[in-house]
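Peer 1: Could you work out the structure for the sequence below:
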Amino acid sequence: MNYTFHQLQVFLKVAQKQSITKAAEELFLTQPAVSIQLKNFQDQFPIPLTEVVGRKLYVTDFGNEIAEASEKILQEAEAINYKTMAFRGLLAGRLKLSVVSTGKYVMPYFLSGFMDANDGVDLVMDVTNKSQVIKSLEKNEVDFALVSVIPKHLKLDRVELMKNKLFLIGNTKRELPKNSTKRKIFEENPMIFREEGSATGNAMETYMKKHKYYTNKKIELTSNEALKQAVTAGLGYSIMPLIGIKNSLKNNDLKIIPINDLPIVTHWNLVWLKSKKLSPTAEAFLNYIKDDKDRIIKETFQWFEEY
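Peer 2: Here you go, the predicted model:
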């Protein structure tokens with residue numbers, strides 16, 4: 001056999017995602033490139049690793065066994081690299097984070113300086129909704145998570161990073177009648193929500209229930225980007241985090257609808273399990289955050305305080 005580490009990485013990702021398209025996206029490769037590597041890897045085995053039924057790809061039992069072995073080989077190779085760097089006196093290891101979807105506009109700025117200073121650190125960051133972030137914490141699958149609403153059923157330590165502000169947002173071309181009351185705005189216009197399990201969606205639902213607003217037309221979407229595009233297109237209004245619409249406000253695609261008891265203000269928190277023994281890499285990142293967070297906020301998020 002003459003397989004390469006690259007082929008192992010490609011096959012493992014295909015097995016995990018059960019899709020060449022999704023594997024290509026995560027590996028930042030083209031679909032043809034993934035297909036070629038998968039074929040070259042398959043050619044070294046007399047037994048099929050995958051099969052296609054209809055238009056869906058399935059991993060065979062043999063393929064699952066090879067995927068498990070591939071993961072172990074890649075982990076061992078990674079460990080060798082980390083140990084080599086550690087012997088050279090460099091910080092080395094993997095930093096794993098789970099981030100709520102809006103957090104993708106926040107977390108990279110708190111990571112870039114640390115990653116630039118530590119070439120031996122590999123970053124794995126999963127961007128998903130609040131429910132999935134909490135599951136990753138519960139299962140101890142990550143070092144840290146970024147959330148705006150802290151789950152009460154878990155014993156967590158935290159570092160508060162910065163404010164999170166949610167405003168009612170609309171399309172600049174969609175005008176409300178001048179005599180519109182708050183109730184009329186929320187009840188006589190289409191309202192666009194995030195899916196169940198999203199902190200943004202929960203905040204909007206809670207706000208409307210508190211005021212007993214009942215919308216006649218409700219639209220539900222599963223990402224903040226989809227939400228932003230829908231509001232930009234004039235499909236309706238939504239309570240959205242300010243952090244994700246900076247450019248849309250600047251370009252005059254979206255506008256904030258003035259409501260006297262908005263914004264909803266929460267805080268972004270970096271959290272981790274109290275019982276977790278942090279790795280040297282995670283400990284170093286935590287110290288970096290504590291030392292540099294104020295500088296990062298001042299340099300990157302000064303515009304945020306204007307709203």
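Peer 1: So Leu97 lies in a strand, does it not?
Peer 2: Yes. Note on Leu97: a strand contains this position according to DSSP: H, G, I helix; E, B strand; the rest coil.
Peer 1: contacting residues around it?
Peer 2: 107, 123-126, 142-146 (Cβ atoms under 8 Å, 6 or more residues apart in numbering). Placement of C-beta: from N, CA and C, glycine included.
Peer 1: Narrow those to just the buried residues.
Peer 2: Those of the contacts of Leu97 that meet the buried threshold are 107, 125, 142-146, by 16 or more other Cβ atoms under 10 Å.
Peer 1: So among those, where is pLDDT lowest?
Peer 2: Lowest pLDDT of the buried ones among the contacts of Leu97: Met125, 92.
Peer 1: And the contacts of the strand or helix carrying that one?
Peer 2: Assigned by DSSP states H and E, Met125 belongs to strand 120-128. Applying Cβ under 8 Å, 6+ apart, the external contacts of strand 120-128 come out as 78, 81-82, 85-86, 90-101, 103-104, 107, 111, 114-115, 132-133, 136, 142, 281, 285.
Peer 1: cool, stretch 295-307 as well?
Peer 2: Against stretch 295-307 from outside (Cβ under 8 Å, 6+ apart): 109-110, 113, 161-163, 165, 167, 242-243, 246, 256, 263.
Peer 1: Next, format these as JSON lines and append distance to Glu51 and secondary structure.
Peer 2: JSON lines is the format used below for the contacts of stretch 295-307 (distance: Cβ to Cβ, whole Å; DSSP: H, G, I helix; E, B strand; the rest coil):
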{"residue": "Tyr109", "distance to Glu51": "44", "secondary structure": "helix"}
{"residue": "Phe110", "distance to Glu51": "43", "secondary structure": "helix"}
{"residue": "Gly113", "distance to Glu51": "46", "secondary structure": "helix"}
{"residue": "Leu161", "distance to Glu51": "46", "secondary structure": "strand"}
{"residue": "Met162", "distance to Glu51": "49", "secondary structure": "strand"}
{"residue": "Lys163", "distance to Glu51": "51", "secondary structure": "strand"}
{"residue": "Lys165", "distance to Glu51": "50", "secondary structure": "strand"}
{"residue": "Phe167", "distance to Glu51": "50", "secondary structure": "strand"}
{"residue": "Leu242", "distance to Glu51": "48", "secondary structure": "helix"}
{"residue": "Ile243", "distance to Glu51": "44", "secondary structure": "helix"}
{"residue": "Lys246", "distance to Glu51": "46", "secondary structure": "helix"}
{"residue": "Ile256", "distance to Glu51": "52", "secondary structure": "strand"}
{"residue": "Pro263", "distance to Glu51": "52", "secondary structure": "coil"}
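Peer 1: re earlier: pull up the pairing partners for the strand holding Met125, direction included.
Peer 2: Looking at strand 120-128 with DSSP bridges, its partner strands are strand 92-100 (parallel).
Peer 1: Could you give the separation of the strand it pairs with from the chain centroid?
Peer 2: 11 Å (Cα atoms, centre = their mean, to the nearest Å).
Peer 1: Okay, buried residues for that strand please.
Peer 2: Buried, per 16+ other Cβ under 10 Å, within strand 92-100: 92-100.
Peer 1: picking that back up, which of the buried ones among the contacts of Leu97 fall within strands?
Peer 2: Residues of the buried ones among the contacts of Leu97 located in strands (DSSP state E): 125, 144-146.
Peer 1: Tell me the one among those nearest to Arg174.
Peer 2: Taking Cβ to Cβ as the measure, Arg174 lies nearest Leu146 of these, at 32.1 Å.
Peer 1: OK, contacts around that closest one?
Peer 2: The contact partners of Leu146, taken as Cβ under 8 Å, 6+ apart, are 97-100, 103, 106-107, 133, 161, 268-271.
Peer 1: okay, and for this structure, where does confidence drop off?
Peer 2: 85, 87-90 (pLDDT under 70).
Peer 1: longest helix of this structure?
Peer 2: helix 61-87 (DSSP state H).
Peer 1: which helices and strands sit right next to that one?
Peer 2: In terms of contacts (3 or more Cβ pairs under 8 Å, 6 or more residues apart in numbering; DSSP states H and E), helix 61-87 is packed against helix 5-17, strand 92-100, strand 120-128.
Peer 1: Much appreciated, bye for now.
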